[in-house]
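Trainee: no sequence for this one, just the structure:
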Ligand SMILES: Nc1ncnc2c1ncn2[C@@H]1O[C@H](COP(=O)(O)OP(=O)(O)O)[C@@H](O)[C@H]1O
Ligand SMILES: O=C(OP(=O)(O)O)[C@H](O)COP(=O)(O)O
């Protein structure tokens, strides 16, 4: 990375404004998955141990510029305190008198967590006065929020442009691992793309076709391609206005000699529920009024075989609606094949990471990215604004 990193900053005795991505799953006021908090610990610990006053800022959810009690960061502060083994000072505001006081009373090694920055409308607008409020708090800026690096907001880019700014260790690692895998990929290189966000992922497919040997399509994304081939898909997920693009991509794959792999069979259901009627059908025989919600057994075998012979596998997006037991088999099978393969494995995307974690395979992957949208935009070849705004390496 040609950007400054935490290693380049002398933080001793300095106030450091550190953007983290603590946008974590919560239920009933409790953090249910602390992966993103743990991922930021190396940066926070480094700042503490090197005598900085640490001012942490994060968003949680999408409150759209208004305070909302269920999106306060208090449970996150509590979990962070437990993980650090020290008190974290949580403010109820994002800036203002209460924050000024907390910052002025804090000394080297103290950790302050500001309230959810998206309670302020100026955050997503990258508003100059909110940026100035952040700038006034600190001497230096560190961005460790890889998961939010595709957002050009006050706390991700605005403040970075006004203070000496460097990448934190998580940001550095994500960029390095993803960048290395894509710049000089080991072959055969396989990408597995599934999930439900067809609009977000279609451009990634275009870019990946220039890089991969095998492109495996699964999940809800697959059925736009199945329909584009002229088959009926019942009630399965469809992005009607992406059919032409799907055809172009299949043609591009053929022209570039990329193996474009689609489901051969699927699990269809008459309802999205645990107790739905289900059957396994050939991909060309999805019945009217039924919905394809998982890849079938033949498809799983094919995908497993391709993963096994690959040297590098990137996976984003579940193969089926894994949240429901009858449709979790395909995602589990692919997760298991990645866990057992000798090739290098990278998982990206909130739901994919959660699926892998829930099956108990997260520790068997080479890299589980903390960013979903961010890792996709990075893979598309885009420079992420949160990275772009950091100081260049001199
Ligand atoms: N066949 C399918 N039909 C509808 N939704 C699906 C299908 N397969 C997977 N999904 C859904 O896709 C969602 C995840 O999609 P997405 O957000 O794109 O993935 P990620 O968060 O890993 O990037 C999951 O909630 C899953 O239930
Ligand atoms: O959870 C996040 O992204 P992800 O769901 O793509 O992994 C990040 O915290 C960014 O959140 P945002 O998509 O509301 O800007």
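Mentor: Alright, I've got the coordinates. Here the structure is a predicted model, which is why all the values come from computation and not from measurement. Numbers count the residues shown, from 1 in each chain. Ligands and ions are numbered 1, 2, ... in the order given.

Trainee: would you mind listing what in the protein touches ligand 1?
Mentor: By Cβ under 6 Å from any ligand atom, the residues of the chain that approach ligand 1 are 194-197, 219-220, 237, 292-293, 316-318, 320-321, 323, 349-352, 372. Backbone N, C-alpha and C define where each C-beta goes, glycine included.

Trainee: excluding chain neighbours, give the residue nearest to whatever residue of the chain ends up closest to ligand 2 in space.
Mentor: Among all residues of the chain, residue 372 sits closest to ligand 2, at 2.8 Å; criterion: Cβ to the nearest ligand atom. Leaving aside its chain neighbours, residue 372 sits nearest to residue 349 (4.0 Å; criterion: Cβ to Cβ, 6 or more residues apart in numbering).

Trainee: and what of residue 118?
Mentor: Excluding its sequence neighbours, the residue lying closest to residue 118 (Cβ to Cβ, 6+ apart) is residue 59, at 4.3 Å.

Trainee: helix, strand or coil: sort out residue 11 for me.
Mentor: The three-state label given to residue 11 by DSSP: H, G, I helix; E, B strand; the rest coil is coil.

Trainee: how many residues are close by it?
Mentor: 23 (other Cβ atoms under 10 Å).

Trainee: wait, it sits on residue 51?
Mentor: Yes. If you go by Cβ atoms under 8 Å, residue 11 and residue 51 touch, sitting 6.9 Å apart.

Trainee: residue 83 belongs to a strand?
Mentor: No. Counting by three-state DSSP, residue 83 falls outside a strand, being helix.

Trainee: give me every residue that touches it.
Mentor: Shown in contact with residue 83 (Cβ atoms under 8 Å, 6 or more residues apart in numbering): 34, 37, 38, 41.

Trainee: all strands for the stretch 201-350 of the chain, in order.
Mentor: When assigned using DSSP state E, counting those that start in this stretch, the strands of the stretch 201-350 of the chain occupy the ranges 214-217, 259-261, 265-269, 278-282, 291-295, 312-316, 344-348.

Trainee: likewise the stretch 51-200 of the chain?
Mentor: Going by DSSP E, counting those that start in this stretch, the stretch 51-200 of the chain shows strands at 53-57, 89-90, 111-113, 140-143, 165-167, 189-193.

Trainee: ok, residue 363 - how many residues close by?
Mentor: There are 9 residues near residue 363, going by other Cβ under 10 Å.

Trainee: can you read off the pLDDT for it?
Mentor: With respect to pLDDT, residue 363 scores 94.

Trainee: what's the separation between it and residue 219?
Mentor: Counting by Cβ to Cβ, to the nearest Å, the gap from residue 363 to residue 219 is 23 Å.

Trainee: same question, residue 372
Mentor: From residue 372 over to residue 219 the distance is 14 Å, taken as Cβ to Cβ.

Trainee: quick revisit: how about the strands of the stretch 201-350 of the chain in TSV, adding mean pLDDT?
Mentor: Output for those, formatted as TSV (pLDDT from 0 to 100):
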stretch	mean pLDDT
strand 214-217	97
strand 259-261	98
strand 265-269	98
strand 278-282	98
strand 291-295	98
strand 312-316	92
strand 344-348	91
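
Trainee: and the residues of the chain next to ligand 1, which of them are buried?
Mentor: Among the residues of the chain next to ligand 1, those classed as buried by 16 or more other Cβ atoms under 10 Å are 194-195, 197, 219-220, 237, 292-293, 316-318, 320-321, 349-352, 372.

Trainee: the helices in the stretch 251-394 of the chain, which residues?
Mentor: 297-309, 329-340, 350-358, 373-379, 385-388 (DSSP state H, counting those that start in this stretch).

Trainee: what comes into contact with the third one?
Mentor: Going back to what we said before, that points to helix 350-358. Contact partners of helix 350-358, identified using Cβ under 8 Å, 6+ apart, comprise 25, 33, 35, 194-195, 315-318, 322, 331, 335, 338, 347, 362, 365, 368-370, 372.

Trainee: close to ligand 2, is it?
Mentor: Yes. Helix 350-358 lies within reach of ligand 2 by Cβ under 6 Å from any ligand atom, at residue 350.

Trainee: not counting its neighbours along the chain, what's nearest the residue of the stretch 51-200 of the chain found nearest ligand 1?
Mentor: Shortest the stretch 51-200 of the chain-to-ligand 1 distance, computed as Cβ to the nearest ligand atom: residue-wise this is residue 195, at 2.5 Å. In space, and not counting its chain neighbours, residue 195 is closest to residue 317: 2.6 Å by Cβ to Cβ, 6+ apart.

Trainee: mind pulling up the phi and psi values for that neighbour?
Mentor: Dihedral angles phi and psi of residue 317 (degrees, to the nearest 10) take the values phi 100, psi 120.

Trainee: for it, give its distance to residue 109.
Mentor: From residue 317 across to residue 109, the span is 41 Å (Cβ to Cβ).

Trainee: likewise for residue 67?
Mentor: From residue 67 over to residue 109 (counting by Cβ to Cβ), the distance is 30 Å.

Trainee: quick one: pLDDT of residue 180?
Mentor: Looking at residue 180, its pLDDT is 82.

Trainee: quick one, what contacts it?
Mentor: For residue 180, the contact set (Cβ under 8 Å, 6+ apart) is empty.

Trainee: let's see it at 10 Å
Mentor: Shown in contact with residue 180 (Cβ atoms under 10 Å, 6 or more residues apart in numbering): residue 344.

Trainee: let me see the contact set for the residue lying closest to residue 384 once chain neighbours are set aside.
Mentor: Spatially, and ignoring its direct neighbours in sequence, residue 384 is nearest to residue 149 (4.1 Å; Cβ to Cβ, 6+ apart). Contacts for residue 149 (Cβ under 10 Å, 6+ apart) come out as 19, 21, 143, 156-157, 167, 171, 174-175, 371, 373-375, 377-378, 383-390.

Trainee: what's the ChimeraX syntax to select whichever of the residues you listed are buried?
Mentor: Listed next is the ChimeraX selection for buried residues among the contacts of residue 149, using 16+ other Cβ under 10 Å:
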select :19,21,143,156,157,167,171,174,175,371,373,374,375,377,378,384,385,386,387,389,390
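
Trainee: if I look at whatever residue of the stretch 251-394 of the chain ends up closest to ligand 1, how far off is residue 311?
Mentor: Residue of the stretch 251-394 of the chain nearest ligand 1, by Cβ to the nearest ligand atom: residue 349 (2.5 Å). When distance is defined by Cβ to Cβ, residue 349 is 22 Å away from residue 311.
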